[in-house]
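Colleague: Here is a sequence with its predicted model. Questions after.
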Amino acid sequence: MKEIYNFKVNNSKGEEVELSTNKGKVMLIVNTASKCGFTYQYEGLQDLHDLYNKEGLEILAFPCNQFKNQESGTDKEIQSFCQLNYGLKFPVYSKIDVNGDDAHPLYKYLKKQKKGLLGSNIKWNFTKFLIDKEGNVVKRFGPTIKPESMKEDIKKLL
């Protein structure tokens, strides 16, 4: 079994969720923030969800407050923001750290699998990792890469 399926994360209510529930699906894992210049990408992520969820794409959003305090709200406030402003239908999990000693183990794993331009650390909000149906981390997209430009990469894996 691929290592990614061994990770557990907390949903927005603090309940533990096993990533193994996504076995056989393509996953797009994104660190997000509500007060970021890239927050508009929630719309593009929702569009990808609408287009490809029935074909097996799962988008997993992980709020993070490590970049200029751009996600300072509680999990409940983050959920409210995402629903009111973007009507998200994909899960927005509990807030985590993506860099440093307290980085979530999932993100330590993702960064080890695919380094970015500046090494393994996450540079900013809305860094995206694309995982194939077998659990392999196949691509890392920087924050400036818009979700809609990832369609071909996603379609190849579906």
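Modeller: Good, I have the coordinates.
Colleague: Wait, residue 78 touches residue 63, no?
Modeller: Yes. The pair residue 78 / residue 63 is scored as a contact, 5.0 Å apart, by CB atoms under 8 Å. Glycine gets a C-beta too; all of them are placed from N, C-alpha and C.
Colleague: Quick check: neighbours shared by these two?
Modeller: 34, 71, 92, 95 (CB atoms under 8 Å, 6 or more residues apart in numbering).
Colleague: quick one, what contacts the second one?
Modeller: For residue 71, the set of contacting residues under the criterion of CB under 8 Å, 6+ apart consists of 32-36, 63-65, 78, 95, 125.
Colleague: Only the buried subset of the residues you listed, as a ChimeraX command please.
Modeller: Restricted to buried positions by 16 or more other CB atoms under 10 Å, the ChimeraX selection for the contacts of residue 71 reads:
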select :32,33,34,36,63,64,65,78,95,125
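Colleague: how about TSV for the contacts of residue 71, with distance to residue 23 and secondary structure added?
Modeller: Below are these laid out as TSV (distance: CB to CB, whole Å; DSSP: H, G, I helix; E, B strand; the rest coil):
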residue	distance to residue 23	secondary structure
32	24	strand
33	29	coil
34	30	coil
35	34	coil
36	31	coil
63	24	strand
64	25	coil
65	30	coil
78	27	helix
95	25	coil
125	28	coil
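Colleague: Between the shared contacts of residue 78 and residue 63, which sits nearest residue 133?
Modeller: Looking at the shared contacts of residue 78 and residue 63 and their distance to residue 133, the nearest is residue 92, at 22.9 Å (CB to CB).
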